[in-house]
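> Task: produce atomic coordinates for the following.
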Amino acid sequence: MSADNEEGKQTASGKRKAWIYEPPKTPPIADLVAGGERRKVFLRYWLYENIDNAIDLVFYFVFMLLPARACSAIGGWLGRFLAPRFHKGAYARAAANLKAIRPDLSDAELEIRLERYADSQGRQMAEYSVVPRLARHHVRMIGTASLVERCAKGPVIFIAPHVSNWEVLWHCLLDMGLAVTMNYDPPKRRSRHYIVNRLRKGAGLGILKPGRSFVRPALRILESGGNLLMFCDEGFNGRIRAPFFGRPVHLEGNYAVVARMARKTDALIYPLFITRDNAANFTLRALEPFKLTAPMGSEDPIAEDVRTLNAVIEPIVRERLEQWYFVDNRLL
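Numbering: from 1, shown residues only. Reported below is the predicted structural model:
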């Protein structure tokens, strides 16, 4: 997943600039006494943001007491109710992106997909409370029959987009008996950071921090024959960085990271995606895995690899835009 800071910038040589993730600093009590801007930061961190944090945590733990379908349904209702009324900017961007990426949609189809977008966003947030139950009882598998056996033959990089509920996707992999490690983009809100860490680490998912500190541990995992999960669609600083949707190819995102690591370790690339069929029912699909091969006569093989990876991920997202997490980011 993309980082929130400078991970995507490049040097003149075309390589990504090194970036080290640093968690937000906690304002000390001295800032309250100091007054001015320091006091404002202190109050925002310790008082105003904690109101939102408390609401998140109450909903998270209360929803854990509900049946999975009920939890998901409430989340869907909240999404449909809140998005058009209280998140008008995101709702408008989602509408614009749906129309730009899928100009074939009629006005009626666009409205239907917008409602599904709001529903999907709401369900995904609420479902953090019931991910293990969804993964074990609400997912049908397609194309996964030989997945575990193929992973036993050497290093694997799973690539996937943020469609429907990607937390259910990785949990399904763990339930197959696979050891999987993922890097992550820390949520800005502290309560949500706590929730995703509690869910992922509690389930046994390996977690690597984003930025420069991710690369060496990730390579060691691949060199020892392990499995990485990389989400290749990205929203960076509120803008859609991948898929490309007809825009120029660049080497600033996870496509290029996957390509470089796969070439260095001869890893098998295994595309996966999960879709919401209806309500709290999902389908996990595994596509045919492949290895990157050097294009004959190419001056920039990594750029060719990036095009190859985008050609896998973009059609998945394009056909399921209303379930795509980043559809309300800025496209241009």
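> and L178, which of the three is it?
coil (DSSP: H, G, I helix; E, B strand; the rest coil).
> if I look at it, how far off is D104?
Distance from L178 to D104, counting by C-beta to C-beta, to the nearest Å: 38 Å. Using the backbone N, CA and C atoms, a C-beta is placed for each residue, glycine as well.
> again, but for V180
With C-beta to C-beta as the criterion, V180 and D104 are 37 Å apart.
> returning to that earlier point: who has more neighbours out of L178 and D104?
L178 (18 against 7; other C-beta atoms under 10 Å).
> Contacts only, for the more buried one.
148, 151, 227 (C-beta atoms under 8 Å, 6 or more residues apart in numbering).
> Neighbour-wise, which one of the residues you listed leads?
Of these, with other C-beta under 10 Å as the count, C151 tops at 23 neighbours.
> mind listing what that residue touches?
178, 227, 270.
> ok, which stretches of the chain are strands?
139-142, 156-160, 180-183, 206-208, 227-231, 234-236, 239-242, 268-278, 281-286 (DSSP state E).
> Using TSV, lay out the ones you listed together with mean pLDDT and distance to K99.
Shown next, in TSV, are the strands of the chain (pLDDT from 0 to 100; distance: least, C-beta to C-beta, whole Å):
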stretch	mean pLDDT	distance to K99
strand 139-142	98	30
strand 156-160	98	26
strand 180-183	94	33
strand 206-208	94	37
strand 227-231	97	25
strand 234-236	90	19
strand 239-242	96	14
strand 268-278	97	22
strand 281-286	98	27
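> From the centroid of the chain, which residue is nearest?
H162 (4.5 Å; C-alpha atoms, centre = their mean).
> That one touches F326, doesn't it?
Yes: with contact defined as C-beta atoms under 8 Å, H162 counts as touching F326 (6.4 Å).
> Give me the common contacts of the two.
Common contact partners of H162 and F326 (C-beta under 8 Å, 6+ apart): D233.
> Please tell me how far the residue nearest to the centre of the chain sits from S72.
17 Å.
> Please apply the same query to P289.
In terms of C-beta to C-beta, P289 sits 31 Å off from S72.
> With neighbour numbers in mind, choose between those two.
Neighbours per residue (other C-beta under 10 Å) separate P289 from S72, with S72 holding more: 27 against 19.
> Buried residues in stretch 132-146, which are they?
In terms of neighbour count (16 or more other C-beta atoms under 10 Å), stretch 132-146 has its buried residues at 132-135, 138-139.
> And the contacts of that stretch?
Against stretch 132-146 from outside (C-beta under 8 Å, 6+ apart): 68, 72, 127, 165, 168, 171-172, 175-176, 203, 274, 280-288.
> Can you go through those residues and name the buried ones?
68, 72, 127, 165, 168, 171-172, 203, 274, 280, 282, 284-286.
> how about CSV for those, with distance to A242 added?
Formatted as CSV, those follow (distance: C-beta to C-beta, whole Å):
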residue, distance to A242
A68, 31
S72, 28
E127, 24
N165, 20
V168, 22
H171, 24
C172, 23
A203, 26
I274, 18
A280, 28
F282, 23
L284, 21
R285, 20
A286, 21
